[in-house]
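In: next comes the sequence, and after it the predicted model I'd like to discuss.
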Amino acid sequence: MDKLIPVVVIKEIEDTEKILSALKKNGIDCAEITFRTSCAEEAIKLACSKFPDMNVGAGTVINSEQCEKAIAAGAKFIVSPGLSAGVAGVCKKHNLPYYPGCVTPTEIMAALELGITTVKFFPANIYGGLKALKALSAPFPQIKFIPTGGVNRDNLEEFLAFDKVAAVGGSFFVDEALNK
Ligand code: 3PG
């Protein structure tokens, strides 16, 4: 999987190409387009047709209905801020990776029961950052984390250096790419 996952918020559909080509120019071939704006579905569709070689997924997917819409639009992976059994079921049906937000042992156990072994750790800075990931890895050595929320250029390498970190997510990748 991609090691860097930009959290992309598309406010206007016209911004889709500008943001994705900036990411690509910056060496990032992945984009998590969030279902926080009304044009998310359309933006995923557009991103998949204009950038077929990029790994375009959907973020902030909080229910099965959004998940079906995201997958129909072409999303190749699904991310949620928390864990939804409904979303997990839809992803399983379509055989697509699902990264639910899990920050407590109970949430991680719920993910494991659904057959999920890679989870988003969000908001990473609030829930203890790398220290928390290391503590959680003791009882859950089979779990890989995607810390997101408060990840930036200063702490990125530290997160990536930990072998239980599958990838890091953040909106700062977009800001960086656009400001280059
Ligand atoms: C997310 O939804 O994953 C967060 O909004 C990303 O957090 P960040 O803006 O601190 O990177």
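Out: In hand now; what should we look at? Numbers count the residues shown, from 1 in each chain.
In: and Gly86, what element?
Out: helix 85-94 (DSSP states H and E).
In: who does that helix touch, helix- and strand-wise?
Out: For helix 85-94, the elements it packs on are helix 64-73, strand 78-79, strand 98-99, judged by 3 or more CB pairs under 8 Å, 6 or more residues apart in numbering; DSSP states H and E. For glycine as for every other residue, the C-beta is placed from the backbone atoms N, C-alpha and C.
In: residues of the longest one that come out buried?
Out: Meaning helix 64-73. Buried positions in helix 64-73, judged by neighbour count with 16 or more other CB atoms under 10 Å: Ser64, Gln66, Cys67, Lys69, Ala70, Ile71, Ala73.
In: my reading is that Pro6 lies in a helix. Confirm?
Out: No - if the criterion is DSSP: H, G, I helix; E, B strand; the rest coil, then Pro6 is strand and not within a helix.
In: ignoring the adjacent residues along the chain, who's closest to it?
Out: Leaving aside its chain neighbours, Pro6 sits nearest to Phe173 (3.6 Å; criterion: CB to CB, 6 or more residues apart in numbering).
In: also Leu156?
Out: In this structure, Leu156 finds its nearest non-sequential neighbour in Val168, 6.0 Å apart by CB to CB, 6+ apart.
In: got the contact list for the one you found?
Out: Counting by CB atoms under 8 Å, 6 or more residues apart in numbering, Val168 touches Lys3, Leu4, Ile5, Ile146, Pro147, Thr148, Val151, Leu156, Phe159, Leu160.
In: and the ligand, which of those reach it?
Out: Among these, proximity to the ligand is found for Thr148, Val151 (CB under 6 Å from any ligand atom).
In: just the contacts of Val168: which are in strands?
Out: In strands, defined here by DSSP state E, the members of the contacts of Val168 are Leu4, Ile5, Ile146, Pro147.
In: show the pLDDT at the second one.
Out: By that I understand Ile5. On pLDDT, Ile5 comes in at 97.
In: and the third one, by the same measure?
Out: For Ile146, the model assigns a pLDDT of 98.
In: ok, and what's touching stretch 43-62?
Out: Against stretch 43-62 from outside (CB under 8 Å, 6+ apart): 2, 5, 7-8, 10, 13, 16-17, 20-21, 23-24, 29-37, 40, 66-67, 70-71, 73-82, 84, 87.
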